[in-house]
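Engineer: fold the following.
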Amino acid sequence: VTKEPLATQGYVAEMPAELSAKVEAARTGAERAGLKDDQAVAAWIDKWIATNAAEATPACKDAIRIRLYLGGQAAKLEYLEKLVPIIDRKFDDSGQWSKWLKESGLDSAGQEALRPLAVPGKKDVCDYLYCLDAATRKTLWKTTFAGDQYYYPNSSTPAVVDDKLYVWGSDLTLCCFDAIGGKQLWHSPVLDRKTQDHPHTSSPLVCEGIAVVVGAELKAISLADSKVAWTTQGVGSPFASASSWSFNGKTYLLAGSDMCLVDPMNGKKLASAKGGSYGSTPMVSGDYAAVFTGSQLRAYKLSPTSVTQVWALPFPQDHFASPVIYEGHVYAIGGDGYTAWNAKEHQGKALCAELETGKVVWEEKLPLAVFCNPVVADGKVLAVVGPELVVFKASPDKFQLVGRADLGLEKWCSPTVVDGKVF
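Structural biologist: The predicted structure is shown next:
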């Protein structure tokens with residue numbers, strides 16, 4: 001048990017009791033619960049600190065920001081205080097940690113809140129990579145490689161190109177493997193600064209002899225020598241990936257919390273438009289792109305010198321969903337990420353809109369939908385919605401459910417389709 005996970009929850013021992021009580025009341029209050037847009041939350045936090053904690057120490061102000069930003073998702077202080085006496089205590093294994101939690105006097109909610117806050121020893125931390133036979137599900141190979149520990153696990157999706165597999169590991173190096181046998185061929189330098197709670201989870205985009213990942217900056221790694229080919233500042237997006245767009249035979253990149261158009265040959269930023277998201281990957285079709293901004297679904301028109309917003313639609317507060325585009329229509333599935341942890345408040349839905357105009361042609365409630373990244377195959381949209389695989393027709397006529405199955409799926413993952421099979 002270390003201090004780092006406590007810091008990710010905004011816990012500092014020096015916080016005065018009276019101020020701490022005010023913070024807890026504010027983070028769980030109706031005013032905070034009613035704020036959905038990140039900019040509105042940030043403005044509210046600034047105002048709250050200026051009014052209630054102007055004389056607080058910098059450490060306390062940082063902690064207040066974290067507590068107020070997390071809102072109802074933050075672990076209760078009485079839970080976190082249970083860890084203070086055992087800071088730097090080492091448990092032999094997860095079983096010993098579970099035993100301590102059960103004997104701590106915490107209720108079940110407190111035990112579950114603290115369970116992920118114990119950090120494995122460095123020697124025990126690694127990333128796992130598996131290759132399965134798609135026909136037989138037999139494990140063809142598996143391997144481990146250097147990793148790092150976070151409050152949340154790493155979730156970069158590998159890319160396979162020309163029998164090479166590329167993945168951004170939790171230690172923030174890009175690794176290349178032989179996709180046939182699993183041998184690690186090389187790894188890049190560390191590509192970003194480590195945070196305490198969450199690794200950057202961009203999935204690599206491979207094109208033009210480089211692999212591109214998005215963190216605090218946009219970085220390209222040369223496939224020829226595993227060195228950083230270029231870095232573009234001001235094109236950060238810690239939980240989204242880059243997309244590619246082709247025009248007159250030339251490839252361009254789209255990435256960043258703002259929608260930035262970048263030349264993959266040198267990293268030069270060619271154009272940008274406000275309104276991207278830190279967790280939504282832009283989807284491209286023809287000369288259009290669509291992306292979630294957190295509180296809106298937006299579409300942009302692309303040219304080699306401009307990115308122009310053409311429409312925006314209100315959508316539940318979902319920073320980590322990505323839409324799909326099919327035959328001139330945008331299909332979006334998502335929900336309010338701020339209530340994703342409370343089953344009583346799910347507000348998920350599916351939506352179909354015209355790509356060029358933004359006209360909504362139908363909407364359908366999908367209460368458990370949140371952080372969805374659907375795919376289109378065989379004229380159908382496939383998405384993981386809660387524990388279910390949901391399939392509906394990719395048609396603007398109306399929402400037409402093809403089928404749904406409760407497969408006990410891991411929420412927030414993305415399906416993929418190969419040779420007529422869904423994984």
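Engineer: quick one: the helix or strand harbouring residue 68 to chain centroid distance?
Structural biologist: Using DSSP states H and E, residue 68 sits in helix 58-70. The chain centroid and the centroid of helix 58-70 are separated by 22 Å under CA atoms, centre = their mean, to the nearest Å.
Engineer: just the buried positions in the next helix or strand along the chain from that helix, please.
Structural biologist: Where DSSP H and E defines the elements, the next helix or strand beyond helix 58-70 is helix 77-80. Buried residues in helix 77-80, counted by 16 or more other CB atoms under 10 Å: 77, 79, 80. Bear in mind the C-beta positions are built from the backbone N, C-alpha and C, glycine included.
Engineer: hey, which helix or strand in the protein has the poorest pLDDT?
Structural biologist: helix 3-8 (a mean of 81; mean pLDDT, DSSP states H and E).
Engineer: poorly predicted segments of the stretch 1-150 of the chain, please.
Structural biologist: 37-39, 120-124 (pLDDT under 70).
Engineer: quick one: the strands in it?
Structural biologist: 126-132, 139-146 (DSSP state E, counting those that start in this stretch).
Engineer: which of those sits most buried?
Structural biologist: Stretch with highest mean neighbour count among the strands of the stretch 1-150 of the chain: strand 126-132 (a mean of 15; mean count of other CB atoms under 10 Å).
Engineer: and the longest helix for this protein?
Structural biologist: Longest helix in the chain by number of residues, with DSSP state H as the criterion: helix 38-52.
Engineer: and the residue nearest to residue 59 when sequence neighbours are not counted, what is it in contact with?
Structural biologist: With sequence-adjacent residues excluded and distances taken as CB to CB, 6 or more residues apart in numbering, residue 59 is closest to residue 12, at 5.4 Å. Applying CB atoms under 8 Å, 6 or more residues apart in numbering to residue 12 gives the contacts 59, 60, 62, 63.
Engineer: now do the contacts for the second one.
Structural biologist: The reference is to residue 60. With CB under 8 Å, 6+ apart, residue 60 has these contacts: 12, 14, 15, 16, 19, 53.
Engineer: repeat for the last one
Structural biologist: Under the criterion of CB under 8 Å, 6+ apart, the contact partners of residue 63 comprise 7, 10, 11, 12, 15.
Engineer: what separates it from residue 392, distance-wise?
Structural biologist: With distances taken as CB to CB, to the nearest Å, residue 63 is found 44 Å from residue 392.
Engineer: equivalent analysis for the third one, please.
Structural biologist: For residue 62, the distance to residue 392 under the criterion CB to CB works out to 45 Å.
Engineer: more neighbours: those two, which one.
Structural biologist: residue 392 (23 against 14; other CB atoms under 10 Å).
Engineer: who does the more buried one form a beta bridge with?
Structural biologist: residue 381, residue 401 (DSSP bridges).
Engineer: now do residue 290
Structural biologist: Under DSSP bridges, the beta-bridge partners of residue 290 are residue 283, residue 299.
Engineer: that one against residue 282, yeah?
Structural biologist: Yes. The criterion here is CB atoms under 8 Å, and residue 290 meets it with residue 282 at 7.0 Å.
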